[in-house]
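> fold the stuff below for me.
(chains A and B)
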Amino acid sequence: MVKKAGDISEKIGEIRYNGPFDYEHLYLAMYEWLKNHYYDVSETYKHKMTPTGAEVELTIKADRKESEFVRYYAEIETHFWDIVDTETIVAGKKQKLNKGRFTIIIRMKVKLDYQSQFDKSELLIRLYNMLYHTILKDRILIMWAGKLFLELLKLHTKIKEELGLYTAYSAY
Amino acid sequence: MPERKLVIEELNVGFEGIMNIRDIYKLIDDWLFGNNYDKVELVNVEYLRPEGKYIELNLEPYKKVSDFVKNVIKIRIVAKNVKDVDVEEDGKKRKMQEGNFSMTLTGILETDYEGRWEQKATIFFLRVLVDKYIYKFYTDKFENGLAKDVKEIATQVKSFLNLYKYQ
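Down below sits the predicted model:
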């Protein structure tokens, strides 16, 4: 049996942070960004109280139909530790924030033939592989995977902006 | 597995004093974009510590030079004890940072990055022959190109940091 060529997966980036931040704003920024870019969003959420603060594991999975042949998948995996409430003075005003440490990992996946139209026979799989490796190779890499990569790079920058990181900039 | 050749090993740039981390990052990012490198930001760390912020960046931008050769530049930036300071520039207050900055650059030339030439022993054997005797001229050319890119980033950042010294 011929093996069908796989999907294109890539890690966009990882952010590790320790300090004050606004959990609600951060969550809304990620959620709204995905919604504004027409993604269907689903979440898994785990919350645990520890002596040093709350521990939260939130995974946001999003997908969007790009065409009848291509579907985009984005995943934001977050893990927060030692989250406590804190008050910080921002621009002379008292503001309620959170304090703690966390990691955010953004991943992407481009799934081709997501409706499994080419799975029906060995000949179709061979044709699919020919499309994947030769005829559509550039289109897959540049047009489809490249587009999603650049799109999620903007989300990555948006998260950095939300956290006020020095590196919140992207030329891409 | 692609073959990875170390072209430039750990080129270091260091600085201590007042700088603008945002501008340094912007300079690198703009350079990579302008020179057709694909951005890969593996890890971006920012920790608030009592002595100041700790910032670490691991970038691994790459450029596909051909179907066989890929330039990879590993950039590791570490900034320690970073504190925000207000600096007056032309009568205007500007937020800058004070601290220790270091950047390490490594240039890697990846050949056969799609792993097409190692599926069979005979093809692998052919690849070694082609690599050693026929393609060598091109590989040398690609190595020089990568080395030039790595050195150019280092020079740009060095020049940029030198500007701060004379402000």
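> can you give me the helices in the chain?
Picking chain A for this. Assigned helices in chain A, in chain order: A:23-36, A:122-130, A:137-138, A:146-163 (criterion: DSSP state H).
> wait, chain B
Counting by DSSP H, chain B has helices at residues B:21-34, B:121-129, B:136-165.
> hey, which of those helices is tucked in deepest?
Most buried of those, by mean neighbour count (mean count of other CB atoms under 10 Å in any protein chain shown): helix B:21-34, with a mean of 18. In this view, the C-beta of every residue, glycine as well, is placed from N, C-alpha and C.
> what's opposite residue B:109 in the beta bridge?
On the basis of DSSP bridges, residue B:109 is bridged to residue B:5, residue B:71.
> number of nearby residues for residue B:88?
8 (other CB atoms under 10 Å in any protein chain shown).
> of the helices of chain A, which approaches chain B most closely?
Nearest of the helices of chain A to chain B, taken as CB to the nearest CB: helix A:146-163 at 6.5 Å.
> re earlier: can I get the helices of chain A in JSON lines with mean neighbour count, mean pLDDT and distance to residue B:42?
Shown next, in JSON lines, are these (neighbours: other CB atoms under 10 Å in any protein chain shown; pLDDT from 0 to 100; distance: least, CB to CB, whole Å):
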{"stretch": "helix A:23-36", "mean neighbour count": "15", "mean pLDDT": "95", "distance to residue B:42": "20"}
{"stretch": "helix A:122-130", "mean neighbour count": "14", "mean pLDDT": "93", "distance to residue B:42": "31"}
{"stretch": "helix A:137-138", "mean neighbour count": "11", "mean pLDDT": "86", "distance to residue B:42": "26"}
{"stretch": "helix A:146-163", "mean neighbour count": "19", "mean pLDDT": "95", "distance to residue B:42": "12"}
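> just want the residue of chain A that's nearest chain B.
Closest to chain B within chain A is residue A:19: 3.3 Å, counting by CB to the nearest CB.
> so which residue is smack in the middle of chain B?
residue B:75 (3.4 Å; CA atoms, centre = their mean).
> what residues does chain B put near chain A?
Within chain B, the positions near chain A by CB under 8 Å from any CB of the partner chain are B:21-22, B:25-26, B:29-30, B:32-34, B:38-48, B:53, B:55, B:57, B:82, B:97.
> still on that earlier bit, I'd like the helices of chain A laid out as JSON lines, including distance to residue B:142.
Listed next are these as JSON lines, based on distance: least, CB to CB, whole Å:
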{"stretch": "helix A:23-36", "distance to residue B:142": "38"}
{"stretch": "helix A:122-130", "distance to residue B:142": "29"}
{"stretch": "helix A:137-138", "distance to residue B:142": "21"}
{"stretch": "helix A:146-163", "distance to residue B:142": "22"}
